[in-house]
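A.B. asks: Quick one, fold the following:
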Amino acid sequence: MTDSEELFNFPCEFPIKIMGIAKSNFETMMVEIVQRHAGSLNTVKSRHSNSGKYISVTINFVAQSRVQLDALYMELTRHELVKMVL
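C.D. replies: Predicted structure coming up:
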């Protein structure tokens, strides 16, 4: 077992928070990316910054493996509108 596998007991409920530039379709794009990697999603919540320039989207899903999470994080962080992924 690797160190990262010790942190999570897969499969497990996993929240991912994606922050980026508030474009009209940002939430839709992020949901589509997460769905490609995770399949079904449990919840999706979004919140705009006070200035309205940024948006955060929190998506909960069941993560199956560390490999799955790594691939998801890689795709999200490469997206031109994404500023941070937690």
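
A.B. asks: Can you spell out which helices and strands pack onto the host helix or strand of Met19?
C.D. replies: Taking DSSP states H and E as the criterion, Met19 maps to strand 12-21. Here strand 12-21 touches helix 26-38, strand 54-63, helix 66-78, strand 82-85, going by 3 or more Cβ pairs under 8 Å, 6 or more residues apart in numbering; DSSP states H and E. Every C-beta, even on glycine, is put in place using the N, C-alpha and C of the backbone.

A.B. asks: Touching the third one from outside, list them.
C.D. replies: By Cβ atoms under 8 Å, 6 or more residues apart in numbering, the residues outside helix 66-78 that reach it are 2, 4-5, 8, 10, 14, 16, 18, 30, 33-34, 36-38, 63, 82, 85.

A.B. asks: The first one now?
C.D. replies: The set of residues external to helix 26-38 that reach it, using Cβ under 8 Å, 6+ apart, is 16, 18, 20, 41, 44, 46, 55, 57, 59, 61-64, 68, 71-72, 75-76, 79, 81-82.

A.B. asks: Just list whatever residues bridge to the most centrally placed residue in the chain.
C.D. replies: When Cα atoms, centre = their mean is applied to the chain, the residue found nearest the centroid is Ile16 (4.0 Å). Following DSSP bridges, Ile16 is listed with bridge partners Ile59.

A.B. asks: Pretty sure it sits against Leu86.
C.D. replies: Yes: between Ile16 and Leu86 there is a contact at 7.3 Å, judged by Cβ atoms under 8 Å.

A.B. asks: For the nearest residue to Val44 once chain neighbours are set aside, give its distance to Glu32.
C.D. replies: Closest residue to Val44 apart from its sequence neighbours, by Cβ to Cβ, 6 or more residues apart in numbering: Ile59 at 5.2 Å. Distance from Ile59 to Glu32, counting by Cβ to Cβ, to the nearest Å: 11 Å.

A.B. asks: before we move on, what about Phe14?
C.D. replies: For Phe14, the distance to Glu32 (Cβ to Cβ) stands at 18 Å.

A.B. asks: Between these two, which is the more surrounded one?
C.D. replies: Counting neighbours by other Cβ atoms under 10 Å for Phe14 and for Glu32 shows that Phe14 has the greater number, 18 against 10.

A.B. asks: Nothing else from me, thank you.
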